[in-house]
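A.B. asks: Show me the folded form of this:
(chains A and B)
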Protein chains: 2
Amino acid sequence: MSAMDEFILRPDPANPRLTERLGGRDHEGREIETAVVVERPLTLFLNKREIVTMMTIGDYPDYLAVGYLVNQNMLRQDDEIVGIDYEEDIETVVVRTKRQTDFEAKLRKKTLTSGCAQGTIFGDLMERFDEIELPKDAVMRTSWLYALTRKINTSPSLYLEAGAIHGCVLCEEDRPLLYMEDVGRHNAVDKIAGYMRLHGISPKGKSFYTTGRLTSEMVIKTVQMGIPILASRSGFTAWGVALARKAGLTLIGRAKGKRFVVLSGAERVLYDADPKGVPDEAKTLQRKASLEEDAA
Amino acid sequence: MSAMDEFILRPDPANPRLTERLGGRDHEGREIETAVVVERPLTLFLNKREIVTMMTIGDYPDYLAVGYLVNQNMLRQDDEIVGIDYEEDIETVVVRTKRQTDFEAKLRKKTLTSGCAQGTIFGDLMERFDEIELPKDAVMRTSWLYALTRKINTSPSLYLEAGAIHGCVLCEEDRPLLYMEDVGRHNAVDKIAGYMRLHGISPKGKSFYTTGRLTSEMVIKTVQMGIPILASRSGFTAWGVALARKAGLTLIGRAKGKRFVVLSGAERVLYDADPKGVPDEAKTLQRKASLEEDAA
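C.D. replies: Take a look at the predicted model:
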C-alpha cells in the first residue's frame, strides 16, 4: 500500500449532533452560553448476543462496534463480517458475522462462573498479548514527534470547541492519518481499530498518539493492534510501563512542546531534531486545554 | 455532628507502595528517573459472589470495596456489614454482610438475560436516581469555592508528585475534609462513599470536588451520595448536565483560578467574593498539572 494522506479522518466540530449549546452562569454571575459534547448510550450486539452498552458521542457507531470487538478479541482475523446495522432510534448497533464467532460459545460457558463480565472481558483482552511480536525496525524520529503533536494540537477538534473529550490518532512518520475523538475512555482507540479492520489498514510503519494516560489498558490495546510506538501528552502508570517493556512497545509520555519522556523501548527513538528549536505550546492552546482539559 | 476538621484524610505521596521510580530518557536523550503511580488489580467479592475486578492504587481497599457496593446500589442502608477481609497477596477484598443482600438474588436472575453485566450494572446505578431529593437550602459561596480549589491544588498529592491520577474531595463550606486519589476512573469517589458509609458521615452541608470530567456517571454517583453540589476543574458532557438538571444538582465546571461555569442549579451559588481579587493558578502548579495532567 502506498503512503496514506494526512487526516483521512479528523474531528468535525461543526457537526451539530456532537455538541449542544447550554445556558448557564460564569464566575461573575453573568448569563452565558457554552458548547458541551454529547454523550449517548450505544448498545452493541454481536449477532444475537448483547455485549455491552457504551457511552459515546456517536459519530462512528460502525467503527466503534467493530473496533471494540477486535480489541476485546471477540472477533478473530478470519471472522467474516456480513453486516453492521445501526439503529439510531433504539441506540443499537448489531455486528453480524458469517458463522457464529468463537466468542459467543466461550461467553456462554463463562457466564456460569462469573457474575460480572468485566473481569472476564479483561481476561479476553489479555489473551493474545503474549503471542504478539512488534516490529523491531520501527522508529520514531523526534522531528516526526514534534510535527505530529503540533499538527494534532492545532487541528480543529471537539476538544478545542467544547473540551471534556479524548483524542486518539493513528500516525505514519510525521503524518496524522486518522484522528478520532470520544467521551468514552477507549472509544476513540476502538474507532480507529474498527476503521483499520474494515479498510484493511496495516499497522506496519504506524505509530499511535493519545491525549489520555498511558495505562495498562491503553498499552494492551496498542499492542493488540500491532502498533510498536505509543505517544501521549499525559503521564504513565507503573503497570502500563511494565506491560510496554514486556511487549517491547515504545512508550513516550508527557509530550508537550519540546518535552517528553520515554520509559520503554527508547531504542526506537531517533534524536534528529534540536529541541531548542521547538517552541512551547501556544498559550492559546494551553489555556483552552487547561480550561477544558482533562478528558478525564 | 459537629463541624469536621480539614483534611481528615489526604494523599500520602511519601507512601512507597503508591509510586515507583522508573528509568528512561528525556527529550534531549539524557537518562532520567521519574516517579509514576502504581496500578494494581483488586477483585471484589460480596459474600461468596465475585463482583468486579478494579484497577486501583490500592491505598484503601476497604473503603473502595464498600463505596463501590454502595454507589452501585448493591448494598442498602440496612445491610449490616460484619466483615471486610483484604488479602493483599491474592489482590482480593471480601465484604461480608449479616444476611444475603438483595443484590445477590437480583444478579442471579439478571445473568440469565444479559451476557455482560456492564449494562446491568449501569441499570442498577440508576435505580434510585429518581427517588432522591437533594436539599434545596444548600449553598456554595464563591469565597468557599476559591478557598477550596486553592487548598486542594496546593496540598501535597500523588498528582503533583507523579501525575496521571484522579482526585476527589468531600468538602464542607471552605474546608476539604476527605481527599482521595486513584488511577481508576471512579475509585476516588467510591473510596469517599465507603469512608462516609463506614464512619457514618452525613452528606448534609457537604459539597464534592473532582478533578475529572462532569459526565453522567459522575453526576449519578454524586446524587446517589445525597450531595447537592458538584464542582470540577474539568468540563461537562451534555448528558451529565441533563441529569444534574433533572436531579436538581448544582454543577460547577471549568473551575480554575477565578473562572468557573455553572450549568445546573445556579441558584445555590452565592457570589460573595470579588473574582478580580482571585489570582490565576500558580504557574508552577499549572505547569505540573499540564505536564502530568489529565487523569484521563
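
A.B. asks: going forward, measure contacts and count neighbours with C-alpha atoms only.
C.D. replies: Will do.

A.B. asks: Distance of residue A:221 relative to chain B?
C.D. replies: Separation of residue A:221 from chain B (C-alpha to the nearest C-alpha, to the nearest Å): 16 Å.

A.B. asks: Next up, identify which helix or strand that residue is on.
C.D. replies: helix A:216-224 (DSSP states H and E).

A.B. asks: Of all the residues in that helix, which ones are buried?
C.D. replies: Going by neighbour count (16 or more other C-alpha atoms under 10 Å in any protein chain shown), the buried part of helix A:216-224 is A:216, A:217, A:218, A:219, A:220, A:221, A:222, A:223, A:224.

A.B. asks: that's a helix at residue A:159, yeah?
C.D. replies: Yes. Residue A:159 forms part of a helix when assessed by DSSP: H, G, I helix; E, B strand; the rest coil.

A.B. asks: That one contacts residue A:165, correct?
C.D. replies: Yes. Counting by C-alpha atoms under 8 Å, residue A:159 touches residue A:165, with 5.8 Å between them.

A.B. asks: Which one's more surrounded, the two?
C.D. replies: Comparing residue A:159 with residue A:165 by other C-alpha atoms under 10 Å in any protein chain shown, the one with more neighbours is residue A:165, at 31 against 25.

A.B. asks: any idea where the strands of the stretch 51-200 of chain A begin and end?
C.D. replies: With DSSP state E, counting those that start in this stretch as the criterion, the stretch 51-200 of chain A has strands at A:81-87, A:92-97, A:140-141, A:166-172, A:175-182.

A.B. asks: near chain B at all, stretch A:72-81?
C.D. replies: No. Counting by C-alpha under 8 Å from any C-alpha of the partner chain, chain B has no neighbours in stretch A:72-81; the shortest distance is 12.8 Å.

A.B. asks: From the opening residue of that stretch to its closing one, how far?
C.D. replies: Taking C-alpha to C-alpha, to the nearest Å, stretch A:72-81 runs 16 Å from one end to the other.

A.B. asks: So for that stretch, what gets flagged as buried?
C.D. replies: Buried-residue list, stretch A:72-81, by 16+ other C-alpha under 10 Å: A:72, A:73, A:74, A:75.

A.B. asks: what's the closest of the residues you listed to residue B:248?
C.D. replies: residue A:72 (38.0 Å; C-alpha to C-alpha).

A.B. asks: For the closest residue to residue A:75 other than its chain neighbours, give its distance to residue A:81.
C.D. replies: Of all residues beyond its chain neighbours, the one nearest residue A:75 is residue A:69 (5.4 Å), with distances taken as C-alpha to C-alpha, 6 or more residues apart in numbering or on different chains. Using C-alpha to C-alpha, residue A:69 is found at 11 Å from residue A:81.

A.B. asks: Give the residue spans of chain A that score low on pLDDT.
C.D. replies: A:1-2, A:102-125, A:127, A:185, A:282-296 (pLDDT under 70).

A.B. asks: Can you list the residue ranges for helices in it?
C.D. replies: A:61-71, A:102-110, A:117-126, A:142-154, A:158-162, A:187-199, A:216-224, A:238-247, A:283-292 (DSSP state H).

A.B. asks: The nearest residue to residue A:215 once chain neighbours are set aside: how many residues sit nearby?
C.D. replies: Spatial nearest neighbour of residue A:215, chain neighbours left out: residue A:240 (4.5 Å); criterion: C-alpha to C-alpha, 6+ apart. Look at residue A:240: counted by other C-alpha under 10 Å, it has 25 neighbours.

A.B. asks: Hmm, residue A:240 is touching residue A:219, no?
C.D. replies: Yes. Applying C-alpha under 8 Å as the test, residue A:240 and residue A:219 come out as touching, 6.0 Å apart.

A.B. asks: if we can go back for a sec, quick one, which of the strands of the stretch 51-200 of chain A is nearest to residue B:188?
C.D. replies: Residue B:188 lies closest, by C-alpha to C-alpha, to one member of those: strand A:166-172, at 20.2 Å.

A.B. asks: Note down every partner strand of the closest one and its orientation.
C.D. replies: Paired strands of strand A:166-172, with direction, are strand A:175-182 (antiparallel), strand A:206-210 (antiparallel) (DSSP bridges).

A.B. asks: Pipe the ones you listed into CSV and attach mean neighbour count per row.
C.D. replies: Compiled in CSV, these are given as follows (neighbours: other C-alpha atoms under 10 Å in any protein chain shown):
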stretch, mean neighbour count
strand A:175-182, 25
strand A:206-210, 24
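
A.B. asks: and those strands as JSON lines, adding distance to residue A:23?
C.D. replies: As requested, these are exported to JSON lines (distance: least, C-alpha to C-alpha, whole Å):
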{"stretch": "strand A:175-182", "distance to residue A:23": "23"}
{"stretch": "strand A:206-210", "distance to residue A:23": "31"}
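
A.B. asks: just to revisit the earlier point, what's the helix holding residue A:221 in contact with?
C.D. replies: A:71, A:125-126, A:128-129, A:132, A:134, A:186, A:189, A:208, A:228, A:230, A:237, A:239-241, A:243-244, A:247, A:249 (C-alpha atoms under 8 Å, 6 or more residues apart in numbering or on different chains).

A.B. asks: what sits against residue A:133?
C.D. replies: Going by C-alpha under 8 Å, 6+ apart, the list of residues near residue A:133 reads A:226, A:247.

A.B. asks: Tell me if I'm right that residue A:230 and residue A:255 touch.
C.D. replies: No. Using C-alpha under 8 Å, residue A:230 makes no contact with residue A:255, being 11.1 Å away.

A.B. asks: Grab the nearest non-local neighbour of residue A:280.
C.D. replies: residue A:257 (4.3 Å).

A.B. asks: same check, this time on residue A:86
C.D. replies: Closest to residue A:86 by C-alpha to C-alpha, 6+ apart is residue A:93, at 4.3 Å.

A.B. asks: Name whatever forms a beta bridge with that neighbour.
C.D. replies: residue A:44, residue A:86.

A.B. asks: do you know how far it is from residue A:31?
C.D. replies: 39 Å.

A.B. asks: Please report how far residue A:57 lies from residue A:196.
C.D. replies: From residue A:57 to residue A:196 the distance is 20 Å (C-alpha to C-alpha).

A.B. asks: Which one's more surrounded, those two?
C.D. replies: The neighbour comparison of residue A:57 against residue A:196 (other C-alpha under 10 Å) goes to residue A:57, with 24 against 19.

A.B. asks: I'd say that one and residue A:38 touch.
C.D. replies: Yes. Look at residue A:57 against residue A:38 with C-alpha under 8 Å: they come within range, at 5.5 Å.

A.B. asks: Need the overlap of contacts for these two.
C.D. replies: Common neighbours of residue A:57 and residue A:38 (C-alpha under 8 Å, 6+ apart) are residue A:18.

A.B. asks: How many residues are close by the nearest residue to residue A:236 once chain neighbours are set aside?
C.D. replies: Distance criterion C-alpha to C-alpha, 6+ apart; nearest residue to residue A:236, sequence neighbours excluded, is residue A:214 at 4.7 Å. Neighbourhood size, residue A:214 [other C-alpha under 10 Å]: 28.
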